[in-house]
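> Please find the sequence and the predicted model below.
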Amino acid sequence: QLRVVESGGGLVQAGGSLRLSCLVSGSIFEYYGVGWWRQVPGKVREEVACITWDGDLRYADSVKGRFTLIRDKTEDTVYLQMDNLEPGDTAVYSCAARSGYCPTSTLYDGWGQGTQVTVAS
């Protein structure tokens, strides 16, 4: 059974940086697309960034130029490097995995519990 576990959230000042980690275990990591999503209470869950099994990347317009996805196949981990953070980035960030492609809110093989990111102004 696929397992997805996030780590690395916390409190940071505006303009600061955080790196989130998404560990995918229980299957062959390189066959999966991995995506990061975020949600604020009362709002729709939003895709932040995603990488497919063959390396195609995409980012939400709101994070382009500030967030970077890094896939480490030796660690079965996808990192979300978040720089120049803004208060509007405050949310619960979750990681999801799907065989081959970017996961969607309804198509996924594993979804993590989430980690809180809070950006103070």
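Sure thing, it's come through. Because the structure is predicted, anything quoted here is derived from the model rather than measured.

> Surely residue 46 touches residue 36?
No. In this structure, residue 46 is not within contact of residue 36 by Cβ atoms under 8 Å, at 9.8 Å. Yep, even glycine has a C-beta here, placed from its N, CA and C like the rest.

> Counting neighbours, go ahead and name the busier of the two.
residue 36 (28 against 15; other Cβ atoms under 10 Å).

> Backbone dihedrals for that one, please?
As for residue 36, its main-chain torsions (degrees, to the nearest 10) stand at phi -110, psi 140.

> contacting residues for it?
By Cβ atoms under 8 Å, 6 or more residues apart in numbering, the residues touching residue 36 are 20, 22, 47, 48, 49, 50, 69, 78, 80, 93, 94, 95.

> Residue 67 bridge partners, please.
Residue 67 has these beta-bridge partners by DSSP bridges: residue 82.

> Am I right that it is in contact with residue 49?
Yes. Assessed by Cβ under 8 Å, residue 67 is found in contact with residue 49 at 5.8 Å.

> Residues that sit against both of the two, list them.
59, 80.

> Neighbour count for the two, which is higher?
Remark: of residue 67 and residue 49, residue 49 carries more neighbours, 23 against 20, as counted by other Cβ under 10 Å.

> who touches the more buried one in this structure?
Contacts of residue 49 (Cβ under 8 Å, 6+ apart): 35, 36, 57, 58, 59, 60, 63, 67, 69, 80.

> Give me the spatial nearest neighbour of the fifth one, chain neighbours excluded.
It refers to residue 59. residue 49 (4.8 Å; Cβ to Cβ, 6 or more residues apart in numbering).

> Looking at that neighbour now. What's its pLDDT?
With respect to pLDDT, residue 49 has a value of 98.

> what pairs with it across the strands?
Beta-bridge partners, per DSSP bridges, of residue 49: residue 36, residue 59.

> Kindly provide the distance from it to residue 71.
Distance, residue 49 to residue 71, by Cβ to Cβ, to the nearest Å: 11 Å.

> Could I get the full set of strands for the protein?
Under the criterion DSSP state E, strands of the chain are mapped to 3-7, 10-13, 18-25, 32-39, 46-51, 57-59, 67-72, 77-82, 91-99, 110-111, 115-120.
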